[in-house]
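Colleague: quick one, structure for this:
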Amino acid sequence: METNTLPLEKELEPIFTKQLPAFPDNIKDLFVKIAPFLAIIGVVFGVFGVGITTLLSPFAWFAGSFIYGLGMIFLLIMVILDALAIPGLFA
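Modeller: This is a model prediction of the structure:
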């Protein structure tokens, strides 16, 4: 079965699989065990951040802060992607 890989992946794969030292198995297991909980914490704080941002947004837009609104959009996207990753992390 042929996989579709990007040229950058083909160049970086030998570096990450052969040249760099691998984490010990116990550290890999620790990462696998705590990653879903870190994602849940990220979603909780992200939702809180989106809520605060929503409350303060009219004042920021009134002051002309386009970057504030752009940051709010990126925060919302991060929260959605983080939430979508949680079931896969538990699997």
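
Colleague: burial check on Ile86, number of neighbours?
Modeller: The number of residues packed near Ile86 is 16, by other Cβ atoms under 10 Å. Any C-beta I mention is one placed from the backbone N, CA and C, and that applies to glycine too.

Colleague: and it, what element?
Modeller: helix 66-90 (DSSP states H and E).

Colleague: can you give me the helices in this structure?
Modeller: 7-14, 25-62, 66-90 (DSSP state H).

Colleague: reformat these as a markdown table; add mean pLDDT.
Modeller: Compiled in a markdown table, the helices of the chain are given as follows (pLDDT from 0 to 100):
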| stretch | mean pLDDT |
| --- | --- |
| helix 7-14 | 86 |
| helix 25-62 | 85 |
| helix 66-90 | 87 |
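
Colleague: may I see the buried residues of stretch 67-77?
Modeller: Applying a neighbour-count criterion of 16 or more other Cβ atoms under 10 Å, one finds 72, 76 buried in stretch 67-77.
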